[in-house]
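[1] return atomic coordinates for the entry below.
(one chain, ligands or ions: 1)
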Amino acid sequence: MSLELFLDNWPNYLIYFIAYVSALSAFGCNSIFWLRLLTIISSSCFVIYYATIGTEPLWLDITSESLLVLVNAVMLTLLWYRQKSIQFTEEEKELYATVFARFSAFEFYKLIHVGHWQTFEAGDVLTKQGKKVPALYFIYNGEVDIIVDNCKKLSLRDGYFIGELSFTLDQAANADVIVNQPTRILYWPQAELQQLLKRNPAMKNALEAMITQDLAKKLRQD
Ligand SMILES: Nc1ncnc2c1ncn2[C@@H]1O[C@@H]2COP(=O)(O)O[C@H]2[C@H]1O
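    Numbers count the residues shown, from 1 in each chain. I've put the predicted structure just below:
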């Protein structure tokens, strides 16, 4: 390409460059929102490029790129509408903002949907050492005692998971866990949570990362 030709057409090449970089970035995105938005930007630029680069507009390319813009714009609108219609309680909003920020709003909604909120009273037993654990618990507000071989090892307060070991390793509980004051807990029955995570690999990764962080915090306490 001669310098003269390049200088004559530089706005077109710039548009092509933006389209190409946007498409590349879209392929590298984990977030469906950004993937769709970048695809819209990329395909819109390609439409302009194909409309202006030749002596005649390239109608076949313009049509296929326009369809990509249309499909992604519709899907993005649906995504926005779905996110907007999700309603969380005050407790759930706080949890989402502080602890479950790795999840998208819709993923968190699905997580909350299979979960149950309950206020446990002092003396309630969450897990029994050597017994199967029915659920994965998250302490929202309160305190529980961890008891191993009838000996209290420590107490855990807000922000800790309980039952994450048996959930991850599919084993019996390694401790009795007993609530020692009225404690607000969000819990997920193990089987239902496993099913949900099987259908949503991104959620599985996010929860595993949270459990890893939780275990690291617990190791520091020991
Ligand atoms: N040493 C410990 N420190 C913190 N938490 C513990 C400790 N031992 C047991 N737990 C918690 O008690 C739970 C008992 O059930 P899990 O073994 O599934 O998961 C265990 C942890 O959540």
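
[2] the helix-or-strand element of the chain with minimal mean pLDDT packs against which elements?
    Using mean pLDDT, DSSP states H and E, helix 3-27 stands out as the lowest-scoring helix or strand of the chain, at a mean of 90. Packing partners of helix 3-27 (3 or more CB pairs under 8 Å, 6 or more residues apart in numbering; DSSP states H and E): helix 32-52. (C-beta placed from N, C-alpha, C; glycine too.)

[3] next, the buried residues of the helix or strand following the helix it packs on.
    Per DSSP states H and E, the first helix or strand lying C-terminal to helix 32-52 is helix 59-85. Neighbour counts using 16 or more other CB atoms under 10 Å place 62, 65, 68-69, 72-73, 76 of helix 59-85 among the buried residues.

[4] count residues in the vicinity of A101, would you?
    As a burial measure, A101 scores 12 neighbours (other CB atoms under 10 Å).

[5] assign it to helix, strand or coil.
    coil (DSSP: H, G, I helix; E, B strand; the rest coil).

[6] offset the numbering so it begins at 106, please.
    All set: I'll call the first residue 106, so the last point we hit is now A206.

[7] quick one, phi psi at it?
    The phi and psi values for A206, taken as degrees, to the nearest 10, are phi -70, psi -20.

[8] and it, how far from the ligand?
    Counting by CB to the nearest ligand atom, to the nearest Å, the gap from A206 to the ligand is 22 Å.

[9] same deal with P287?
    Between P287 and the ligand the computed distance is 20 Å (CB to the nearest ligand atom).

[10] on that earlier part again, now pLDDT too, for the buried residues of helix 164-190, in CSV please.
    Listed next are those as CSV, based on pLDDT from 0 to 100:
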residue, pLDDT
I167, 97
E170, 97
L173, 97
V174, 98
N177, 97
A178, 98
L181, 95
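
[11] can you tell me which of these is closest to Q188?
    Checking the buried residues of helix 164-190 against Q188 with CB to CB, the nearest one is L181 at 10.6 Å.

[12] how many neighbouring residues does the closest residue to that closest one other than its chain neighbours have?
    Computed as CB to CB, 6 or more residues apart in numbering, the closest residue to L181 that is not its neighbour in sequence is R141, at 4.7 Å. Taking other CB under 10 Å as the neighbour definition, R141 ends up with a count of 20.

[13] and the protein, which residues reach the ligand?
    Residues of the chain lying close to the ligand (CB under 6 Å from any ligand atom) are 232, 238, 251, 258-259, 267-271, 278-280, 282, 323, 327.

[14] quick check: the farthest pair among those?
    Top of the distance list for the residues of the chain next to the ligand (CB to CB): V238 and D327, 19.8 Å.

[15] so which of the two has more stuff around it?
    Each of V238 and D327 has its neighbours counted (other CB under 10 Å); V238 has more, 22 against 7.

[16] low pLDDT regions in the chain?
    For the chain, the stretches flagged by pLDDT under 70 are 106, 327.

[17] buried subset of the residues of the chain next to the ligand?
    For the residues of the chain next to the ligand, buried by 16+ other CB under 10 Å: 232, 238, 251, 267-271, 278, 280, 282, 323.
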